[in-house]
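Engineer: Sequence first, predicted coordinates after that:
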Amino acid sequence: MSFIKRGVYDLQETTLLTARAFGGVLRRPRYVRETIKQMDIIGVGSLTIILLTGFFTGGVLTIQTYPTLAYYGQQKQTGYLVAISLIRELGPVLTALMVTGRVGSAITAELGSMKVSEQIDAMRALGTDPIKKLVTPRMFALLLTLPMLTVIADVVGICGGGAAATTIYGLPFGTFFSAVRDGITSSDIIGGVIKPIVFAIIIGSIACYKGLNTDGGTVGVGRNTTSSVVTSSIIVIVADFFLAKLLQVIFGSSVPK
Amino acid sequence: MDSAVTQDLHAPRTLDLRVSEDAAESTFAEVDDLNRAIPAIEFRDVHLAFDDRKILDGLSFKVMKGETKLILGGSGCGKSTTIKLVLGLLKPDSGQIFVDGEDITHYNEAQMRRVRQKIGMIFQEGALFDSLSVYDNVAFKLHEKGVPEEEVEQEVVRMLRFVNLEHAIDKMPSELSGGMRRRVGIARALVGGPKIVMFDEPTAGLDPPTARTICELAMKLRDLEDVSSIFVTHEMNNLSYLSSEYAVVNEMGDVVYEPEGERLCLINTKVLMMRDGQVIFSGTDEKLRKAEDTYIQKFLRGH
């Protein structure tokens, strides 16, 4: 199949997989325990990496913006700039990319190994729907934990930014935080939560689709895991562009009052 | 709650002799029950190709109720594909497939799930879930159905005794040898007492005594439990065991394996030989050994 044909086919199958995963979700059997277990693995497991990413990204944002703002005499607005960058863009995108690398690869590798060792066929032969048992819990777990992780990244990032502003540039904490509080609107926060929801669906569906369609033994597992992370990352970044524009249209681009 | 179900796991091994009600009757009864005339599995002119390679080319055969169909053939002739088609894991390009008289050719996953309840499948490499212990693997079907834990434990222990692996009940698949994994796979497939069982090269790579145990198991299922089965293999020992011995419960209540000998009991085993996706022989093992086809002779003797 040509490259374009392959791409469209994958898109079709991934969409069908997602529809099937969410379709019968209220019908029995409901795998609640598996979902909670996945939330622990995905959410709690990614916490450390998100805390570190968030904190240092906030810090570096301060470093990059303070000098320019100071040039225009607007250094009091550092808090606002750091917060808006994090909440609108860097929080959602960086969290999504970190989670893709950590969780997306794990899901694809696990499902892929199960596929090549015939465990998926065995599951079907024993009367269980592998999509309900394997895909739905993982997608739900991502859907619930990615927004939470993003919010944590934002909060930790703002703290990191504040810490950098205080220690490196001597900007008082209070000034930093009042700029944050005054500048951030509810539409920023809502937008900052809509993005992770979309990203969660992207990451989950690609990781599960690539995993369940692995063939070629161990080589295939490695190849599909890599391809899953790469494809997820690219689609997340492209989707981010369109989402940013869409959110601007819906909420209007705000400027500091 | 029936509390008489407590099992003493350290009691001396006793064979489980729960013989199903239909077993004794079916082997010797007249075929006057219309249901017996419906084949357990039937393939009608099935074709299947992957990309350019034709795997099955007009495959047709029937497996009657209570019959064991031995499918012989070289590697790559379509044996495993045939089994996957019965389970609906693959769909044919053309032709029809019947399970217990039901046309499953175009069934979707939900409809197949109901049909699969009656079928047990034993995969070539065992295909155990490696994140679950042996106990959880064998109990899988019952756990999914939500069966109470005491019943589950009872059934799992019974199945593991069947395959002589009671001691491995809490181990993980990665700690077992290949042969043990295969036997756990058999235990897992037989939970729930399916009436149609499929063995995909179950003795490949096992030592002769273990291979013999697995054939004895297949004989028990055929003769005492009225199970219809497909037994894919290319080992001639299995052919000998399954076509010349039958399982019977003697006066003391033990299961013994009697050779066919002069008793002239019609052992319910037929042989199917496949080559390049087509049937090149179908019939009894005596006819097979007398066949004049050079390929068949070479296959039987190895040279």
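Structural biologist: Sure thing, it's come through.
Engineer: residues touching A:I203, list them.
Structural biologist: Under the criterion of Cβ atoms under 8 Å, 6 or more residues apart in numbering or on different chains, the neighbours of A:I203 are A:A96, A:V99, A:T100, A:V103, A:G104, A:L142, A:L146, A:S232, A:V236. C-beta here means a position set from N, CA and C on the backbone, and glycine is covered the same way.
Engineer: Quick one: neighbours of the first one, just the number.
Structural biologist: Neighbourhood size, A:A96 [other Cβ atoms under 10 Å in any protein chain shown]: 28.
Engineer: per-residue pLDDT, it?
Structural biologist: Looking at A:A96, its pLDDT is 96.
Engineer: Near B:T269, how many other residues are there?
Structural biologist: The burial count assigned to B:T269 is 23, neighbours taken as other Cβ under 10 Å.
Engineer: Would you agree it is in contact with B:L70?
Structural biologist: Yes - taking contacts as Cβ atoms under 8 Å, B:T269 lies within contact range of B:L70: 6.3 Å.
Engineer: residues in the stretch 101-250 of chain A within reach of chain B, list them.
Structural biologist: Proximity of the stretch 101-250 of chain A to chain B is confined to A:114, A:117-119, A:121-129 under the rule Cβ under 8 Å from any Cβ of the partner chain.
Engineer: Which ones among these lie within helices?
Structural biologist: With helices taken from DSSP state H, the overlap with those comprises A:M114, A:Q119, A:D121, A:A122, A:M123, A:R124, A:A125.
Engineer: Which residues are in contact with the nearest residue to the fifth one once chain neighbours are set aside?
Structural biologist: When you say that, I think you mean A:M123. Counting by Cβ to Cβ, 6 or more residues apart in numbering or on different chains, A:P130 is the residue found nearest to A:M123 once chain neighbours are left out, at 4.9 Å. Neighbouring residues of A:P130 by Cβ under 8 Å, 6+ apart: A:I120, A:M123, A:R124, A:L212.
Engineer: Now flag whichever of the residues you listed is closest to A:L86.
Structural biologist: When those are compared for distance to A:L86 (Cβ to Cβ), A:L212 wins out at 34.9 Å.
Engineer: And the closest one, how close does it get to A:S227?
Structural biologist: Relative to A:S227, A:L212 is positioned 14 Å away (Cβ to Cβ, to the nearest Å).
Engineer: Just want to know which of the two has more residues nearby.
Structural biologist: In terms of neighbours (other Cβ under 10 Å), A:L212 is the more surrounded of A:L212 and A:S227; the figures are 20 against 15.
Engineer: Surely the more buried one touches A:D121?
Structural biologist: No - proximity of A:L212 to A:D121 does not meet the contact threshold set by Cβ under 8 Å, at 11.2 Å.
Engineer: which residues do the two both contact?
Structural biologist: Counting by Cβ under 8 Å, 6+ apart, A:L212 and A:D121 have no common neighbour.
Engineer: residues from the stretch 51-200 of chain B in reach of chain A?
Structural biologist: Within the stretch 51-200 of chain B, the positions near chain A by Cβ under 8 Å from any Cβ are B:84, B:87, B:89, B:109, B:113, B:116-117, B:119, B:121, B:123-125, B:127-130, B:140-141, B:144, B:146, B:185, B:188-189.
Engineer: Mind checking which of those residues are buried?
Structural biologist: Burial of these was assessed by neighbour count (16 or more other Cβ atoms under 10 Å in any protein chain shown); the buried members are B:84, B:87, B:89, B:113, B:116, B:119, B:121, B:123-125, B:127-129, B:140-141, B:144, B:185, B:188-189.
Engineer: Select from those every entry located in helices.
Structural biologist: Among these, the members falling in helices (DSSP H) are B:K84, B:L87, B:R113, B:R116, B:F140, B:K141, B:E144, B:G185, B:R188, B:A189.
Engineer: Nearest to A:G192 among those?
Structural biologist: Proximity to A:G192 was ranked across these by Cβ to Cβ; first place goes to B:E144, at 39.5 Å.
Engineer: Spatially nearest residue to that closest one (excluding sequence neighbours)?
Structural biologist: For B:E144, the closest residue by Cβ to Cβ, 6+ apart turns out to be A:T128, at 5.3 Å.
Engineer: Now do the helices in chain B.
Structural biologist: Secondary structure of chain B (DSSP H): helices located at B:21-28, B:34-37, B:79-87, B:109-116, B:134-138, B:140-145, B:149-162, B:178-190, B:208-224, B:236-244, B:285-290, B:294-301.
Engineer: Flag every buried residue along the longest one.
Structural biologist: By 16+ other Cβ under 10 Å, the buried positions in helix B:208-224 come out as B:210-224.
Engineer: A:K115 and A:G216 touch, don't they?
Structural biologist: No - between A:K115 and A:G216 no contact is recorded; they are 10.2 Å apart, counting by Cβ under 8 Å.
Engineer: which one of the two has more residues nearby?
Structural biologist: Neighbours around A:K115 and A:G216, counted as other Cβ under 10 Å, are more numerous at A:K115. The numbers are 20 against 12.
Engineer: And that one, how far from B:V184?
Structural biologist: Per Cβ to Cβ, A:K115 is found 20 Å from B:V184.
Engineer: cool, and A:G192?
Structural biologist: Counting by Cβ to Cβ, the gap between A:G192 and B:V184 amounts to 49 Å.
Engineer: Next: A:L134.
Structural biologist: 21 Å.
Engineer: which residue packs closest to B:R181, ignoring adjacent ones?
Structural biologist: Per Cβ to Cβ, 6+ apart, closest to B:R181 is B:G126, 3.7 Å.
Engineer: contacting residues around the one you found?
Structural biologist: For B:G126, the contacting residues are B:P173, B:G178, B:R181, B:R182, B:V184, B:G185, by Cβ under 8 Å, 6+ apart.
Engineer: Check what pLDDT the residue nearest to B:M64 when sequence neighbours are not counted gets.
Structural biologist: With Cβ to Cβ, 6+ apart as the measure, B:P39 is the residue that lies nearest to B:M64, at 5.3 Å, once sequence neighbours are left out. At B:P39 the predicted local distance difference test score is 87.
Engineer: So B:P39 sits against B:G66, correct?
Structural biologist: No - with contact taken as Cβ under 8 Å, B:P39 and B:G66 are classed as non-touching, separated by 10.9 Å.
Engineer: who's more crowded, the two?
Structural biologist: Applying other Cβ under 10 Å to B:P39 and B:G66 shows that B:G66 carries more neighbours, namely 21 against 18.
Engineer: Alright, I will stop here.
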